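*Asks:* Generate coordinates for the sequence data below:
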Amino acid sequence: MLHYAVVFFVIALIAAVLGFGGIAAGAASIAQILFVLFAVLAVASFVVGLIRKGS
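*Replies:* Here you go, the predicted model:
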């Protein structure tokens, strides 16, 4: 999932350089959503791992 966030970030950068503002904003918002989702899932996985290891 982090891979997709990076891909959309690169697409946003390329679109911004070429002057496509709407496309760049859309790709950047998708990348941001995917990154936040990845971060939440990573933290949840870490917490569940700690809970299972402690039991």
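*Asks:* Retrieve the pLDDT associated with Met1.
*Replies:* According to the prediction, Met1 has pLDDT 66.
*Asks:* quick check: longest helix of the chain.
*Replies:* helix 21-54 (DSSP state H).
*Asks:* contacting residues for the residue lying closest to Gln32 once chain neighbours are set aside?
*Replies:* Counting by Cβ to Cβ, 6 or more residues apart in numbering, Ala5 is the residue found nearest to Gln32 once chain neighbours are left out, at 7.9 Å. All C-beta atoms are positioned from the backbone trio N, CA, C, and that covers glycine. If a contact means Cβ atoms under 8 Å, 6 or more residues apart in numbering, then Ala5 has 31-32, 34-35, 38 as its contacts.
*Asks:* Sticking with His3, tell me its helix or strand.
*Replies:* Using DSSP states H and E, His3 maps to helix 2-18.
*Asks:* Counting neighbours, which bits of that helix end up buried?
*Replies:* 5, 8-9, 11-12, 15 (16 or more other Cβ atoms under 10 Å).
*Asks:* Quickly note the distance from the residue most central in space within the chain to His3.
*Replies:* By Cα atoms, centre = their mean, the chain has its centre lying nearest to Phe35, at 1.9 Å. Using Cβ to Cβ, to the nearest Å, one obtains 11 Å as the distance from Phe35 to His3.
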